[in-house]
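[1] 3D model of this:
(one chain, ligands or ions: 1)
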Amino acid sequence: MSRIAIKTCGLSTPETVGAAVRAGASHLGFIHFPKSPRHVDADRMKALASAAPSHVGRVAVLVDADDDQIAQLTGTGALTALQLHGGESPARVAAIRQRFALPVWKAISVKTRADIDAASAYAGAADLLLFDAKTPEGTLPGGMGLRFDWTLLRDVSPSLPWGLSGGLSADNVCEAIRLTGAPLVDVSSGIEDAPGIKSVDKIMAFCKAVSAC
Ligand SMILES: O=C(O)c1ccccc1N[C@@H]1O[C@H](COP(=O)(O)O)[C@@H](O)[C@H]1O
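    A predicted model of the protein is given here:
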């Protein structure tokens with residue numbers, strides 16, 4: 001496994017889960033958001049997550065989900081974390097963390113340095129910050145293959161454990177790690193042949209590139 005943690009996100013088949021595990025991913029991400037081409041329903045998510053070995057993290061990605069939706073995913077031990085990728089406030093993040101007793105990752109949409117600085121409001125509420133590119137109004141809040149200016153993270157010491165996401169691929173991930181010092185990288189579009197269609201070859205190439213950085 002690489003010294004940099006790797007989350008391969010938007011997995012929806014046993015084949016690609018298996019490939020990510022073999023490639024050395026530290027975390028597997030499953031999207032539960034019907035507008036996404038990577039959406040998996042609760043039963044499928046639990047089946048995919050349960051099939052993964054216990055040393056690999058299993059993260060559900062949610063967008064402004066209510067408690068009933070979250071409850072359908074949790075409680076079986078299949079998941080190890082919840083990633084909140086919408087407009088959840090620090091208070092909402094803290095409430096979800098307390099009610100569902102799982103570590104919570106909060107995605108932070110970044111366009112400017114002020115977006116990064118404002119993420120300190122989640123200290124004490126979230127367990128990890130995931131800096132992702134701000135996406136255009138009316139599109140998905142993530143999974144668009146867009147990157148932000150990574151130099152914005154230079155000289156930043158986030159108050160929480162953190163990761164980098166948005167537009168990463170085997171071709172650019174080493175540059176991203178060099179510029180930001182990210183301890184965790186999260187990828188979705190960069191390991192796909194088309195939206196929602198993961199590529200085993202690209203999963204392998206991404207994880208290999210991270211290990212070789
Ligand atoms: O992937 C999606 O469809 C998605 C939908 C809604 C919220 C988040 C989503 N994905 C997350 O966005 C990051 C960045 O994706 P990309 O690599 O730029 O395509 C991804 O890692 C997921 O955590």
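
[2] can we go C-alpha only for contacts and neighbour counts from here?
    OK.

[3] what does the longest helix along the chain rub up against?
    Criterion DSSP state H: the longest helix present in the chain is helix 200-212. The contact list for helix 200-212, computed with Cα atoms under 8 Å, 6 or more residues apart in numbering, reads 1-4, 6, 8, 15-16, 19-20, 23-25, 169-171, 173-174, 190-192.

[4] How about the residues of this protein by the ligand?
    Proximity of the chain to the ligand (Cα under 6 Å from any ligand atom) is limited to residues 9-10, 36-38, 85, 140-146, 165-168, 186-190.

[5] again, only this time at 5 Å
    36, 141-146, 166-167, 186-189 (Cα under 5 Å from any ligand atom).

[6] Turn those residues into a markdown table, columns for neighbour count and pLDDT.
    Output for those, formatted as a markdown table (neighbours: other Cα atoms under 10 Å; pLDDT from 0 to 100):
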| residue | neighbour count | pLDDT |
| --- | --- | --- |
| Ser36 | 17 | 97 |
| Pro141 | 19 | 95 |
| Gly142 | 24 | 93 |
| Gly143 | 25 | 93 |
| Met144 | 18 | 96 |
| Gly145 | 18 | 96 |
| Leu146 | 17 | 97 |
| Gly166 | 26 | 98 |
| Gly167 | 21 | 97 |
| Asp186 | 25 | 98 |
| Val187 | 25 | 98 |
| Ser188 | 27 | 98 |
| Ser189 | 24 | 98 |
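
[7] need the contact list for Val38.
    Check again: residue 38 is Arg, not Val. Gly10, Leu11, Ser12, Phe30, Ile31, His32, Pro195, Gly196.

[8] Same question for Ala94.
    Neighbours of Ala94 in contact, by Cα under 8 Å, 6+ apart: Gly124, Ala125, Ala126.

[9] Could you let me know which of those residues ends up closest to Gly57?
    Nearest to Gly57 among the contacts of Ala94 is Ala126, at 16.6 Å by Cα to Cα.

[10] now the contacts of helix 200-212: which count as buried?
    Taking 16 or more other Cα atoms under 10 Å as the criterion, what is buried in those is 2, 4, 6, 8, 16, 19-20, 23-25, 169-170, 173-174, 190-192.

[11] Inside helices: which ones of those residues?
    Filtering the buried ones among the contacts of helix 200-212 for helices - DSSP H - leaves Thr16, Ala19, Ala20, Ala23, Val173, Cys174.
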